[in-house]
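Asker: give me the fold of what follows.
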Amino acid sequence: MLQIAFIRENQEKVINALAKRNIDATSVVEEVVQLDEKRRATQVELDNILSESNKLSKDIGELMKSGEKLKAAILKEKTVLNKEKSKALAETADVLAAELLEKLYTLPNLPADIVPVGKTPEENLNVFEEGEIPVLHEGAQPHWELVKKYDIIDFELGVKITGAGFPVYKGKGARLQRALINYFLDKNTAAGYNEVQVPHMVNEASAYGTGQLPDKEGQMYHDKTDDLYLIPTAEVPVTNLFRDVILNENELPVLTTAYTPCFRREAGSYGAHVRGLNRLHQFDKVEIVRVEHPDKSYEALDGMVEHVKDILRELKLPYRVLRLCGGDMGFTSALTYDFEVFSTAQDRWLEISSVSNFETFQANRLKLRFKDKDGKNQLAHTLNGSALALPRVLAGILENYQTPEGIVIPEVLRPYCGFDIIN
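Answerer: As a prediction, this is how the structure comes out:
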C-alpha cells in the first residue's frame, strides 16, 4: 500500500508513475487526497473537543471543591453536548478512514525508474541469456507425452481424484520432484536463508498484508466456513511472519526460505500453452523472502537474481532473464525480473521464477518496521523470489534432457535422486 503522506505530497509523481502501468490514477489520487483532508480535519475537530472536555472536567472538579455547584452544573451540560459531538465525529472519522483505506487498496505499487514502458509481455526487456539450447534427437516429445511413456506423472488420475490441474507424481517422477525440493532448499540455506515450515492456509489479514487481497481474490481458493485462504505462494505466510513486527536495524537483513505446495484457481486458463505441467492448480515451489534496509534492497535484489542464475547454471538449463515492463508487473511489485527456461520440445520459453522488490508497499500494509540509529521507526523493504517453482523446471528437465535411451538426470540432482536416468 502506498503511503498516504507520500501521495499527498507527490500527487503528480504518483499519477505519472502509475501511467507506466497503463493506469490513469488521476481520479483515485484526487479522491484519496480529498478523503484524507476530510479525515484529518475531522480528527483535528475531534481532538479539540476532547481536549476541551478534559479541561472542562478539571474546571468542574475545581468548582465542586469551591462549592460553586451551579457553575459546575452549567459546565456539565456542555460536557454532555461535547460527548455527543465527539461520538459523532469519531464515527465520521472511522467511516472516512475505512473509505480512505479502501481507495488506497486499489492503487498498485509505483514502478521503479528502470521499469520499461510497455503493455504486454512482448514488451518485457531481455537483460540476460545463458546456456546452450540442446539439439534433440528425431522423435523427441513434449513432457506430457514423456510422462506417459515412462509412467512418472499421471494427469488423468489427478482428474479422477480432484480435477484438471492436480497431477499425480509416481515412482521416479515423485522422487525427482522431492529431489528438486531438497536441492533448492539446500542451495538457499547454504546462501544464508533460514528454512521455515509455514501453514498452507492463511487468514484474511495475511492475504491483505502481502497484497493478494483484494487484487487477486478470484485466484485464491477460499474456505468460507473458517474464512481461510489456501496459499498461492509461500510468500504470503512467510512474509506475514513479520507482520506488526519492529526489528532493530542491526537485525537486518532477515533471509527466509520455505517449501510449500501452492494453490491457484487460474480461472480462464485454457489452450495448448497450458498443457501438462505448464499451468496447474496445485504445484510445489520453494520461495526466498528478504526483509531489507531501504538503502540496501536493490543490492539485495541483484543478489537474489544471481542466486537463481547459479541454480539454473548447476541444472544446466538454457534460461533468460526479463525485466518486466509496467503493464506486465504484479500489483505489489516495484521491480520484477522473470526467469524463463527454454523448452526445446515445445520450442518456447517457460517462466520458472519471478524475483521482485516491493520496497515499502507490503511493509506499509504489514506494519513491518525497523528502529533506525536515531530510534525512529521506519518501514522496511520486502523482497521475494521463486527459487524455484517446480512444474516448469521439471518440464524443462524432462524435455531438454531426453535421449533415445531415456531422460538423463542433471548431474547436480543425482545424489538427491539416487538414480541417473528415467527409462
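
Asker: show me what residue 129 bridges to in the sheet.
Answerer: Beta bridges link residue 129 to residue 320, judged by DSSP bridges.

Asker: next, residue 8: phi, psi?
Answerer: Backbone geometry at residue 8, expressed as degrees, to the nearest 10, gives phi -60, psi -40.

Asker: list the contacts for it?
Answerer: For residue 8, the contacting residues are 33, 36, taking Cβ atoms under 8 Å, 6 or more residues apart in numbering as the criterion. Where C-beta positions appear, they are placed from N, C-alpha and C, glycine not excepted.

Asker: what's the spacing between it and residue 294?
Answerer: If you measure residue 8 against residue 294 using Cβ to Cβ, to the nearest Å, the figure is 20 Å.

Asker: and residue 182, by the same measure?
Answerer: Taking Cβ to Cβ as the measure, residue 182 falls 34 Å from residue 294.

Asker: any chance you could map the helices in the chain?
Answerer: With DSSP state H as the definition, the chain shows helices at residue ranges 4-9, 11-19, 26-65, 69-105, 143-150, 155-161, 172-190, 204-209, 235-239, 297-315, 361-366, 390-400, 414-417.

Asker: distance to residue 325 added to those helices, as a markdown table?
Answerer: Compiled in a markdown table, these are given as follows (distance: least, Cβ to Cβ, whole Å):
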| stretch | distance to residue 325 |
| --- | --- |
| helix 4-9 | 23 |
| helix 11-19 | 13 |
| helix 26-65 | 21 |
| helix 69-105 | 24 |
| helix 143-150 | 29 |
| helix 155-161 | 33 |
| helix 172-190 | 28 |
| helix 204-209 | 26 |
| helix 235-239 | 22 |
| helix 297-315 | 17 |
| helix 361-366 | 18 |
| helix 390-400 | 21 |
| helix 414-417 | 37 |
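
Asker: need those in CSV (columns: mean pLDDT and distance to residue 373).
Answerer: Conversion of those to CSV gives the following (pLDDT from 0 to 100; distance: least, Cβ to Cβ, whole Å):
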stretch, mean pLDDT, distance to residue 373
helix 4-9, 96, 22
helix 11-19, 97, 28
helix 26-65, 90, 30
helix 69-105, 90, 30
helix 143-150, 97, 53
helix 155-161, 97, 54
helix 172-190, 98, 30
helix 204-209, 97, 27
helix 235-239, 98, 25
helix 297-315, 98, 18
helix 361-366, 98, 19
helix 390-400, 96, 42
helix 414-417, 98, 44
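
Asker: tell me which of those sits nearest to residue 222.
Answerer: Ranking the helices of the chain by distance to residue 222, with Cβ to Cβ as the measure, places helix 204-209 first at 9.3 Å.

Asker: mind listing what's buried in that closest one?
Answerer: 206-209 (16 or more other Cβ atoms under 10 Å).

Asker: ok, now stretch 217-235?
Answerer: Those buried within stretch 217-235 under the rule 16+ other Cβ under 10 Å are 220, 222, 228-235.

Asker: related to what we said a few turns ago, closest to residue 345 out of the buried residues of helix 204-209?
Answerer: The shortest distance between residue 345 and any of the buried residues of helix 204-209, using Cβ to Cβ, involves residue 207 and amounts to 36.9 Å.

Asker: now do the contacts for the closest one.
Answerer: 213, 220, 229, 236 are the contacts of residue 207 under Cβ under 8 Å, 6+ apart.

Asker: what's around the last one, how many residues?
Answerer: Pointing back at residue 236 there. 29 (other Cβ atoms under 10 Å).

Asker: identify the residue nearest it in space, chain neighbours excluded?
Answerer: Of all residues not flanking residue 236 in the chain, residue 210 sits nearest, at 5.0 Å (Cβ to Cβ, 6 or more residues apart in numbering).

Asker: just checking, that neighbour touches residue 242?
Answerer: No: with contact defined as Cβ atoms under 8 Å, residue 210 does not count as touching residue 242 (10.5 Å).

Asker: give me the common contacts of those two.
Answerer: A shared contact of residue 210 and residue 242, defined by Cβ under 8 Å, 6+ apart, is any residue touching both; here these are residue 366.

Asker: comparing these two, which residue is more hemmed in?
Answerer: Between residue 210 and residue 242, counted using other Cβ under 10 Å, residue 210 has the larger neighbour count: 27 against 22.

Asker: residue contacts, that one?
Answerer: Contacts for residue 210 were tallied using Cβ under 8 Å, 6+ apart; they are 235-236, 239-240, 332, 362, 365-366.

Asker: could you dump those to TSV with distance to residue 102?
Answerer: Conversion of those to TSV gives the following (distance: Cβ to Cβ, whole Å):
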residue	distance to residue 102
235	24
236	21
239	22
240	21
332	17
362	18
365	13
366	18
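
Asker: between these, which is nearest residue 32?
Answerer: Proximity to residue 32 was ranked across the contacts of residue 210 by Cβ to Cβ; first place goes to residue 365, at 15.5 Å.

Asker: that closest one: neighbouring residues, count only.
Answerer: 23.

Asker: any idea how far it lies from residue 244?
Answerer: Plainly put, residue 365 is 11 Å away from residue 244 if you go by Cβ to Cβ.

Asker: residue 336 and residue 355 touch, don't they?
Answerer: Yes: with contact defined as Cβ under 8 Å, residue 336 counts as touching residue 355 (7.0 Å).

Asker: what's the closest non-adjacent residue to residue 339?
Answerer: Of all residues apart from its sequence neighbours, residue 353 sits closest to residue 339 (Cβ to Cβ, 6+ apart), at 4.0 Å.

Asker: what about residue 355, neighbour count?
Answerer: When neighbours are defined as other Cβ under 10 Å, residue 355 has 25 of them.
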